[in-house]
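>>> Sharing a model prediction with you, sequence too.
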Amino acid sequence: MTLPHCTVVDHPLVQHKLTLMRDKETPTSEFRRLLKEIAALLAYEVTRELPMKDVSVETPVEPTTAQKLDGKKMALISILRAGNGLLDGVMELIPSARVGFVGLYRDPETLQPVQYYFKVPEALDERMVIAVDPMLATGNSSAAAIDLLKEAGATNIRFLCLLAAPEGVQRMKEAHPDVPIVTASIDSHLNDHGYIVPGLGDAGDRLYGTK
């Protein structure tokens with residue numbers, strides 16, 4: 001399903017794995033494996049518009065013209081810490097990608113993002129940049145991360161998440177209308193604590209077994 005500014009990947013395998021991840025009884029090891037598998041499936045959608053070029057290939061039968069990826073290697077940017085769970089799955093599909101990290105945490109009182117780390121590949125202006133974070137909740141941290149990437153030169157950016165709240169999608173649309181979102185689900189709403197409902201809890205805690 002495609003919405004303005006946001007694509008929801010409703011493939012049966014994606015939705016099946018997401019349902020297993022929502023279950024509060026799913027153990028950490030299984031949650032981690034499922035997130036990695038979903039990330040690889042979502043990566044097919046988020047990379048749909050990669051530039052291609054024609055090349056000559058000698059097959060066992062005859063020469064032919066086929067297509068390969070064109071341009072600089074893409075940049076995958078993990079929004080720490082939970083973004084690393086998606087990063088691992090995407091990297092399995094695109095092992096040649098360059099990787100960067102944006103460290104942000106959400107202030108529990110204000111729900112505003114606080115930056116603590118930033119390290120990204122060079123020449124972002126020449127690469128497709130895919131920022132990954134499992135949860136698009138208020139959208140404040142995600143919008144702040146995209147701000148930082150644009151300041152570093154990125155102009156061709158995609159945002160990949162597991163779950164999104166309508167509030168987060170709207171916030172990103174307002175802040176960065178040029179950044180498409182790819183997700184497995186847009187859930188109902190945010191609760192008073194800024195958590196996605198029904199959601200799956202805190203993705204970082206469930207990914208790393210911290211409470």
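Thanks, I have the structure now. Numbering: from 1, shown residues only.
>>> Contacts for stretch 45-55 next, please.
Residues from elsewhere that reach stretch 45-55 (Cβ atoms under 8 Å, 6 or more residues apart in numbering): 7, 9, 65-71, 74, 93-94, 128, 130, 158, 160, 182. Every residue, glycine included, has its C-beta placed from N, CA and C.
>>> what's the answer for stretch 88-103, then?
35-40, 42-44, 47, 73-80, 83, 87, 115-121, 127, 130-132, 145, 148-149, 160.
>>> Report the strands that pair with the longest strand that the chain contains, each with its relative direction.
Longest strand in the chain, counting residues (DSSP state E): strand 98-106. Strand 98-106 has the following strand partners under DSSP bridges: strand 75-80 (parallel), strand 113-119 (antiparallel).
>>> So which of those strands is the most surrounded?
Comparing those by mean neighbour count (mean count of other Cβ atoms under 10 Å), strand 75-80 ranks first with a mean of 25.
>>> Name the nearest residue to G71, sequence neighbours excluded.
P51 (5.1 Å; Cβ to Cβ, 6 or more residues apart in numbering).
>>> Could you measure from that neighbour over to H11?
Separation of P51 from H11 (Cβ to Cβ, to the nearest Å): 24 Å.
>>> Among the two, which residue is more densely surrounded?
Using other Cβ atoms under 10 Å as the criterion, P51 and H11 rank with H11 on top: 14 against 11.
>>> and that one, what does it touch?
Per Cβ under 8 Å, 6+ apart, neighbours of H11: L41.
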